[in-house]
Every structure is written in C-alpha cells, then in structure tokens.
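[1] one predicted model, sequence on top.
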Amino acid sequence: MAERQRVGVLVSGRGSNLQALIDAAGAADFPARIVGVISNKRGAYALERARAADIPSATISHRQFEGRAAFEEALIAQLRDWQVDWVVLAGFMRVLTPTFIRAFAPRILNIHPSLLPAFPGVGVQQAALDYGVRVSGCTVHLVDEGTDTGPIIAQAAVPVRDDDNAESLAARILVEEHRIFPAAIRQIISKPWRLVGRRIVFEDAP
Ligand code: GRF
C-alpha cells in the first residue's frame with residue numbers, strides 16, 4: 001500500500017466523529033493516519049480520545065489571540081509542524097477564513113449534520129424540524145471559502161419522525177455520520193478524482 005496520508009483533525013467538543021476516524025484508521029488498509037488533533041476548546045472530551053489513542057494533541061484557543069488571522073496562523077503552524085496532507089474538521093465550531101482554506105485546499109474535509117445545501121450553519125437539526133422536512137441526514141464535503149458550501153463527497157439520509165426533537169434527530173443522524181465520514185475519507189484519499197464544475201467525479205483506478 002502507498003504510504004498513508006497524514007491527517008490533522010480539528011475539534012471543539014465531544015469528538016464522537018474523531019473516535020469513528022480513530023477506529024477506522026486502525027484497519028491495516030485505511031489510507032490515512034491521524035497525526036495530530038487540535039481543539040479550540042480547553043478540556044474538550046475529544047482531547048481525551050486523542051490521548052487514549054496515543055495521538056499528539058494541542059489546544060489552541062481562539063480566545064488567546066487578538067483576531068482570527070493570528071488564531072489561524074497558529075493553527076496553520078501546528079498543522080505544518082505535523083506535516084499534514086489533509087485537514088479534517090470533526091465538529092470544529094469556528095468558521096475558517098480564506099487564509100486558512102488556501103493553506104490546505106482542496107484537502108480539507110467537513111462533516112455537517114444536514115443534507116446540504118439544506119440547512120447550512122448551526123442549529124440545523126432544530127431548523128430541519130421547524131421547516132417540517134420528512135428526511136434529513138448528513139453530508140461530507142470538501143471545504144471551500146463559503147459556509148458548508150464545498151463539493152459533496154458523500155451523504156446519508158435518515159427519516160424525521162413525528163415525535164422527534166432536536167436531540168433525537170441529532171442522535172439518528174450521528175449514527176450515519178460515524179459511518180459515512182470514515183468511508184468518504186477512505187474514498188477521497190484512495191481514489192483518483194476530479195472536479196467537474198462543482199461535482200466530484202471519481203475515476204476508477206485501471
Ligand atoms: C456533529 O454532528 C458534526 O456533524 C457537527 O458537530 C457534531 C460534532 O459531534 N459538525 P462530535 O464532536 O463529532 O461528537
């Protein structure tokens with residue numbers, strides 16, 4: 001197998017998607033390994049998960065810095081130090097500016113808990129319920145300079161039930177997140193692909 005790609009993961013919270021990636025990367029044929037985890041929140045449970053898996057981690061709080069530019073420079077410096085090939089956003093709750101995006105694009109991935117382009121941003125399970133959709137789900141996409149607007153790699157749908165609240169819907173979506181995020185990362189890293197307009201087209205290796 002080709003050398004594994006080096007992945008840096010950005011988190012802000014409990015890190016259940018990080019855990020799904022750690023577990024997937026345990027497979028001998030997974031094309032990537034997580035070389036570092038950065039949290040912008042001190043004490044995030046995701047940091048415990050990194051520690052338990054012997055993955056280097058860092059806390060870089062946006063509060064330590066005067067502005068977004070300095071915060072992002074610190075993120076970029078740490079990721080470069082780890083020599084990452086890919087950046088994975090796994091529940092990272094800060095919007096990144098074009099400075100950060102340009103440092104790593106197109107190799108930045110995000111998981112979002114709605115069927116994009118419906119319901120970008122935050123509070124999306126409640127937004128889906130309020131709208132009255134019958135189906136929601138999750139999306140893995142390349143990150144571009146917009147908010148949740150990049151080319152889509154994978155999606156999974158779940159039903160919305162009459163008695164759902166934001167928590168029950170989020171829990172049903174999360175099960176699918178944990179399934180499609182590692183699968184999408186495996187796919188985008190190991191298969192040749194190109195962009196046709198905003199569509200990602202995978203070319204089967206000969
Ligand atoms: C997930 O629902 C993810 O889609 C969203 O934030 C949540 C993070 O959960 N961006 P976790 O920290 O991975 O458990």
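    Received, thanks.
[2] show me how the protein divides into domains.
    Domain assignment of the chain by automatic domain parsing yields the ranges 1-104, 110-206.
[3] any idea how far Cys138 is from Lys198?
    Careful, residue 198 is Arg and not Lys. As judged by Cβ to Cβ, to the nearest Å, Arg198 and Cys138 stand 19 Å apart. Just so you know, the C-beta spots here come from the backbone N, C-alpha and C atoms, and that holds for glycine as well.
[4] where exactly do the helices run in the protein?
    Taking DSSP state H as the test, the helices found in the chain are 16-25, 45-52, 68-81, 98-104, 124-131, 166-190.
[5] please identify the most buried of the ones you listed.
    Sort those by mean neighbour count, taking mean count of other Cβ atoms under 10 Å, and helix 16-25 sits at the top with a mean of 20.
[6] just confirm yes or no for it near the ligand.
    Yes. Contact of helix 16-25 with the ligand (Cβ under 6 Å from any ligand atom) involves 16-17.
[7] what's the neighbour count on the residue of the chain found nearest the ligand?
    Using Cβ to the nearest ligand atom, the closest approach of the chain to the ligand is made by Gly91 at 2.6 Å. Gly91: 21 surrounding residues under other Cβ atoms under 10 Å.
[8] one step back: and the helices of the chain: which comes nearest Leu116?
    Among the helices of the chain, the nearest to Leu116 by Cβ to Cβ is helix 124-131 (9.5 Å).
[9] output the contacting helices and strands for the closest one.
    Judged by 3 or more Cβ pairs under 8 Å, 6 or more residues apart in numbering; DSSP states H and E, the packing partners of helix 124-131 are helix 166-190.
[10] where does Val153 land on pLDDT?
    Quick fix: residue 153 reads Ile, not Val. With respect to pLDDT, Ile153 scores 98.
[11] test my guess that it contacts Leu142.
    Yes. If you go by Cβ atoms under 8 Å, Ile153 and Leu142 touch, sitting 6.8 Å apart.
[12] any residues in contact with both of the two?
    With contacts defined as Cβ atoms under 8 Å, 6 or more residues apart in numbering, the residues shared by Ile153 and Leu142 are 109, 188, 200.
[13] among those residues, which one lies nearest to Asp23?
    Out of the shared contacts of Ile153 and Leu142, the member with the shortest distance to Asp23 (by Cβ to Cβ) is Leu109, at 17.0 Å.
[14] for the closest one, give the beta-bridge partners.
    On the basis of DSSP bridges, Leu109 is bridged to Val88, Leu142.
[15] count of residues packed around it?
    Neighbours of Leu109 under the rule other Cβ under 10 Å: 23.
[16] that one: what's it in contact with?
    Listed by Cβ under 8 Å, 6+ apart, the contact set of Leu109 reads 86-89, 140-143, 153, 184-185, 188.
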